[in-house]
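>>> Mind looking at a prediction? Sequence and model below.
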Amino acid sequence: MASPDLVDRLSVDYHMWNAYVDGRLSALADPVRLPRRDLDELAALSERFARLIDRTIDLVRARPSLLSFYGFGARLRRMLDSETAPRPVTLARYDAFRTPDGWKFSEFNCDVPGGIHEGAGLNDLIGGDPSRFRVVDLLVDSLCRDTVRPAVAICYASGFAEDLEQCQFLRREWGRVGIRAVLCNPENLVWNGRDLRAFGEKIDLVYRFFPVEWMTEIDNLDALLSASRSGRLPMINGFWSLVAQSKKTMALWHEHRDLFDASERDLIVRHVPRTEAFRIGELGRYRRERERLVVKRQFGRIGEEVLLGSRCSDPEWADWLAWPASEPQEWIVQDRFDPLPIDVGGDTLYGCFGPYVVDGRFGGLYNRFARDGFIAFNALVGAVVEE
């Protein structure tokens with residue numbers, strides 16, 4: 001594990017305040033080495049998926065029947081309807097695994113992709129090459145596309161210290177290049193019918209690190225939707241990123257392959273585990289096929305609300321399935337895959353590799369590791385370099 005001195009630098013220089021998880025240091029002391037061809041393929045695949053995601057959002061916007069597939073409630077639909085000209089997904093981080101059958105992408109984090117400060121710190125202090133991680137620079141380019149020095153509201157869930165880490169890091173980094181950034185909660189945003197403000201300061205752009213589905217509960221939602229309809233709520237990322245964040249999009253890809261061209265179908269079949277919407281009528285099959293199935297809630301995060309059949313007995317699995325069966329429109333069923341083990345200093349680990357894409361361009365990796373292959377909130381983190 002990383003030394004206390006290194007952890008101090010991660011904490012001070014990169015705001016990685018939660019370096020100790022479950023009473024142990026979470027950062028690997030040495031970089032993980034992978035073949036360059038694997039890393040190059042991962043970068044190229046992440047850019048292809050970025051294009052597929054933007055095209056999928058366009059398809060869903062154009063076809064009400066596809067939007068119905070997601071089962072979004074009335075408030076979420078109002079939010080989507082308010083964006084008359086949504087921007088493409090600006091920032092995303094995907095979850096990819098090395099398997100005997102190549103790279104598999106199990107999830108797409110396009111709503112509030114975290115880990116930016118950790119990825120920057122790990123690539124610098126452990127990987128030894130900060131230039132491998134370009135996410136902050138690419139975000140600056142995106143922020144300044146329409147305004148040279150925009151005022152940015154960094155909007156996050158203020159009750160979560162781990163979210164503040166990334167937001168405070170970005171606020172500092174953007175301030176170094178002359179971008180004024182204000183930390184706030186969505187309820188601190190005020191729309192006066194002409195412009196958007198936070199604590200009295202006019203805001204040009206919102207960096208939203210607050211899940212869209214949580215925004216259904218804020219008191220000023222109607223005012224923000226009015227701003228959105230007026231085109232005065234530009235966000236990284238907008239409300240329509242909800243489609244990309246939903247795990248049901250992977251089910252849509254597999255169940256409606258005819259909507260996509262040959263190259264897109266090949267990308268889906270090769271690199272996304274077979275995924276389907278959870279259906280009550282298939283409950284018997286789900287029980288029988290416990291060993292090969294993973295059941296996930298469409299907006300579950302950081303490994304939560306993931307039911308892994310191989311980790312329980314038949315009776316336990318039947319009990320677990322009662323949860324998704326109570327709200328089937330919120331869940332998907334995915335084939336389990338076996339990630340390849342990695343030797344790290346004599347320790348066998350399994351890695352989840354997180355390629356970032358900013359405006360369609362690969363920006364670097366944030367990587368998490370576990371001894372049992374299940375990546376949750378307490379995963380180890382580390383830098384990856386070429387062999």
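All right, it came through fine. Numbers count the residues shown, from 1 in each chain.
>>> and A43, how many neighbours?
Neighbour count for A43, taken as other CB atoms under 10 Å: 16. Where C-beta positions appear, they are placed from N, C-alpha and C, glycine not excepted.
>>> In contact with it, which residues?
355, 362 (CB atoms under 8 Å, 6 or more residues apart in numbering).
>>> Checking my notes, it in a helix, right?
Yes: the assignment for A43, made by DSSP: H, G, I helix; E, B strand; the rest coil, places it in a helix.
>>> and it, what pLDDT?
We have a pLDDT of 98 for A43.
>>> Same question for V177.
At V177, pLDDT is 95.
>>> G281 too?
G281 is given a pLDDT of 97.
>>> So which residues of the stretch 201-350 of the chain form helices?
Under the criterion DSSP state H, counting those that start in this stretch, the stretch 201-350 of the chain contains helices at 221-229, 241-245, 248-255, 262-271, 283-288, 314-320, 322-326.
>>> quick one, what contacts the closest residue in space to F209 that isn't next to it in sequence?
Leaving aside its sequence neighbours, F209 sits nearest to Y156 (CB to CB, 6 or more residues apart in numbering; 4.2 Å). Applying CB under 8 Å, 6+ apart to Y156 gives the contacts 163-164, 167, 183-185, 209-210.
>>> Could you do D13 as well?
121, 125.
>>> same thing but at 10 Å, please
Residues in contact with D13 (CB atoms under 10 Å, 6 or more residues apart in numbering) are 117, 120-121, 124-125, 169, 172.
>>> Pull up the gap between it and T249, please.
36 Å (CB to CB, to the nearest Å).
>>> out of the helices of the stretch 201-350 of the chain, nearest to W17?
Across the helices of the stretch 201-350 of the chain, the minimum distance to W17, taken as CB to CB, is reached by helix 241-245, at 25.3 Å.
>>> So for that closest one, what gets flagged as buried?
The neighbour-count check on helix 241-245 (16 or more other CB atoms under 10 Å) flags 241-245 as buried.
>>> Which secondary structure elements does it sit against?
When contacts are defined as 3 or more CB pairs under 10 Å, 6 or more residues apart in numbering; DSSP states H and E, helix 241-245 sits against helix 36-62, helix 74-82, strand 91-99, strand 102-109, helix 248-255.
>>> Repeat the analysis, applying 6 Å as the threshold.
If you count contacts as 3 or more CB pairs under 6 Å, 6 or more residues apart in numbering; DSSP states H and E, helix 241-245 packs onto helix 36-62.
>>> quick one on the thing from earlier: show only the entries of the contacts of Y156 found in strands.
Members of these lying in strands (criterion: DSSP state E): 183-184, 209.
>>> Turn those residues into JSON lines, including pLDDT, neighbour count and distance to A262.
Output for these, formatted as JSON lines (pLDDT from 0 to 100; neighbours: other CB atoms under 10 Å; distance: CB to CB, whole Å):
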{"residue": "L183", "pLDDT": "97", "neighbour count": "18", "distance to A262": "46"}
{"residue": "C184", "pLDDT": "97", "neighbour count": "20", "distance to A262": "46"}
{"residue": "F209", "pLDDT": "96", "neighbour count": "24", "distance to A262": "37"}
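>>> pretty sure D163 is touching I154, no?
No: using CB atoms under 6 Å as the test, D163 is too far from I154 to be in contact (10.0 Å).
>>> what ranges of the chain fall below the confidence cut-off?
Residues of the chain meeting the criterion pLDDT under 70: 1-2, 301-303.
>>> and it, what are its domains?
Listed domain ranges for the chain are 1-54+72-241+346-387, 248-335 (source: automatic domain parsing).
>>> between those domains, which gets nearest to R63?
Nearest of the domains of the chain (CB to CB): domain 248-335, 8.7 Å.
>>> got the end-to-end distance for the closest one?
14 Å (CA to CA, to the nearest Å).
>>> what about it, distance to the chain center?
Mean-position distance between domain 248-335 and its chain equals 18 Å (CA atoms, centre = their mean, to the nearest Å).
>>> and what of stretch 136-148?
Distance, centroid of stretch 136-148 to centroid of chain: 20 Å (CA atoms, centre = their mean).
>>> contacting residues around that stretch?
By CB atoms under 6 Å, 6 or more residues apart in numbering, the surrounding residues in contact with stretch 136-148 are 90, 150, 173, 177, 204, 358-359, 363.
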